[in-house]
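> Quick one, structure for this:
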Amino acid sequence: MVIDVASHPDRLKELLIFLSIVAGGALIGWLIEQIVLTKLLHLTSRTKWKGDDLIIQSLKGILLPLFVLLAIHIGFNYVTLKPGLLDVLHKTVKVGAILVFTIYLSRIVTRWIAGETKDDKSVPSSIVLNSTRITIIAVGFLIALQSIGISITPLLTALGVGGLAVALALQPTLSNFFSGLHILATKKVRVGDFIRLDSGIEGYVMDISWRSTLVRQLANNLVIIPNAKLAEAIVINTHLPDREVPVTVDIGVAYDSDLDLVEKITIETAREILKTVEGGVSTFEPVVRFHTFGESSINFTAILRVQEHSQQFLVKHAFVKLLHKRFREAGIEIPFPIRTIITKKP
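As a prediction, this is how the structure comes out:
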């Protein structure tokens, strides 16, 4: 059945007032987001406390729906509706407002977690952010149901029984999930760390999700490792306890070389490399250690230091090139392997 609105002037007037209030609320919310929030962000950026930036930034996209819901709630006072329908609509608006506030709270918490991990020189994993977001929204949804008179006790009971059945059916998945939580809780492997597994896989940890850990190798390949496998593996984390790692270069010189001169040139060359090549630790004092009388050379190791694992290759490259040049200029020989073959007549 079609209602002729034009034949009901009072209804038409109420509808126009209601729509005007809703449009006004939307306009006010949009103006506050575009003008007021921008100025507030400019002001809070000058303060030392990071919390005010977090609170204001999280309001982006929240004020508009909040003001629309408020305008709808106010507009109900200017329309004539059946009491039962009006009560349902008021409860719907109430649930919507609680959910909007819940989303705002989840933004603040997840961004705070992201900010805290960033200060710790690591990156938050998706399992932490997603679990936090889902938990807050789920609690907000239950609060919204409780606020409109819907008992959540049967729902929680059903979720408990259903959760037990799901847990039995998804044991491998839950094993990976809780292994991921264990990895994050111990903080022995973090997003952004360079790790090496006992299987030979190595690379940067890109993300730790609810099921697997994503590792990017130096060749730019992605390796997906189930969290349960990673939790049981022997892992070398080159970023713990410090990101700086030593770089060793094995070298051999002829037996008739002046070892004091060899040591001096090697250390001077290493110092220059660490100060001029990207990734070198300029404050580190290089070390030379002679250790072996080889078949055709006296062997030693030069120890340098780089800021993190992936930067060692460029530092080694530059060091070998420059040291080879300096040895040639000083007349220091790097001998070829020598084999003496003696033949006898039968």
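
> Could you pull out the helices in the chain for me?
9-31, 37-44, 51-57, 63-75, 83-119, 126-147, 153-169, 171-186, 227-232, 259-276, 312-330 (DSSP state H).

> So for Val247, which of those helices sits nearest?
Evaluated with C-beta to C-beta, the helices of the chain place helix 312-330 nearest to Val247, the distance being 4.5 Å. Quick note: C-beta positions are derived from backbone N, CA and C, even for glycine.

> all strands of the stretch 201-346 of the chain, in order?
202-208, 212-216, 222-226, 235-237, 245-253, 287-293, 298-306 (DSSP state E, counting those that start in this stretch).

> Mind giving me the packing neighbours of the last one?
This means strand 298-306. strand 245-253, helix 259-276, strand 287-293, helix 312-330 (3 or more C-beta pairs under 8 Å, 6 or more residues apart in numbering; DSSP states H and E).

> any weak-confidence spans in the stretch 151-300 of the chain?
For the stretch 151-300 of the chain, the stretches flagged by pLDDT under 70 are 155-172.

> can the helices and strands packed on strand 298-306 go into TSV with extra columns for distance to Ala185 and mean neighbour count?
Below are the helices and strands packed on strand 298-306 laid out as TSV (distance: least, C-beta to C-beta, whole Å; neighbours: other C-beta atoms under 10 Å):
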stretch	distance to Ala185	mean neighbour count
strand 245-253	26	17
helix 259-276	37	17
strand 287-293	38	13
helix 312-330	31	16
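
> Kindly reformat these as JSON lines containing distance to Pro226.
Listed next are the helices and strands packed on strand 298-306 as JSON lines, based on distance: least, C-beta to C-beta, whole Å:
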{"stretch": "strand 245-253", "distance to Pro226": "27"}
{"stretch": "helix 259-276", "distance to Pro226": "40"}
{"stretch": "strand 287-293", "distance to Pro226": "41"}
{"stretch": "helix 312-330", "distance to Pro226": "29"}
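
> Would you tell me which of those gets closest to Lys345?
Checked against C-beta to C-beta, the stretch from the helices and strands packed on strand 298-306 lying closest is strand 287-293, at 33.4 Å.

> if we can go back for a sec, right, so of the helices of the chain, which gets closest to Leu304?
Of all those, helix 259-276 comes closest under C-beta to C-beta, at 5.3 Å.

> counting contacts, what elements does the closest one pack onto?
Counting by 3+ C-beta pairs under 8 Å, 6+ apart, helix 259-276 packs on strand 245-253, strand 287-293, strand 298-306, helix 312-330.

> Run the chain-centre distance for it.
Offset of helix 259-276 from its chain centre (C-alpha atoms, centre = their mean, to the nearest Å): 39 Å.

> now swap in stretch 311-326 and tell me
Distance, centroid of stretch 311-326 to centroid of chain: 33 Å (C-alpha atoms, centre = their mean).

> how about that stretch as PDB, C-alpha atoms only?
Output in PDB follows, covering the C-alpha atoms of stretch 311-326 (Å, rounded to 0.1, in the frame of the first residue of the first chain):
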ATOM      1  CA  GLN A 311      74.700  -4.600   5.700                       C
ATOM      2  CA  GLN A 312      77.700  -6.900   6.100                       C
ATOM      3  CA  PHE A 313      77.900  -7.700   2.400                       C
ATOM      4  CA  LEU A 314      78.600  -4.200   1.200                       C
ATOM      5  CA  VAL A 315      81.100  -3.700   4.000                       C
ATOM      6  CA  LYS A 316      83.000  -6.900   3.200                       C
ATOM      7  CA  HIS A 317      83.000  -6.000  -0.500                       C
ATOM      8  CA  ALA A 318      84.500  -2.600   0.100                       C
ATOM      9  CA  PHE A 319      87.000  -3.900   2.700                       C
ATOM     10  CA  VAL A 320      88.400  -6.700   0.500                       C
ATOM     11  CA  LYS A 321      88.800  -4.400  -2.500                       C
ATOM     12  CA  LEU A 322      90.600  -1.700  -0.600                       C
ATOM     13  CA  LEU A 323      92.800  -4.100   1.400                       C
ATOM     14  CA  HIS A 324      93.900  -5.900  -1.700                       C
ATOM     15  CA  LYS A 325      94.900  -2.500  -3.200                       C
ATOM     16  CA  ARG A 326      96.800  -1.500   0.000                       C
END
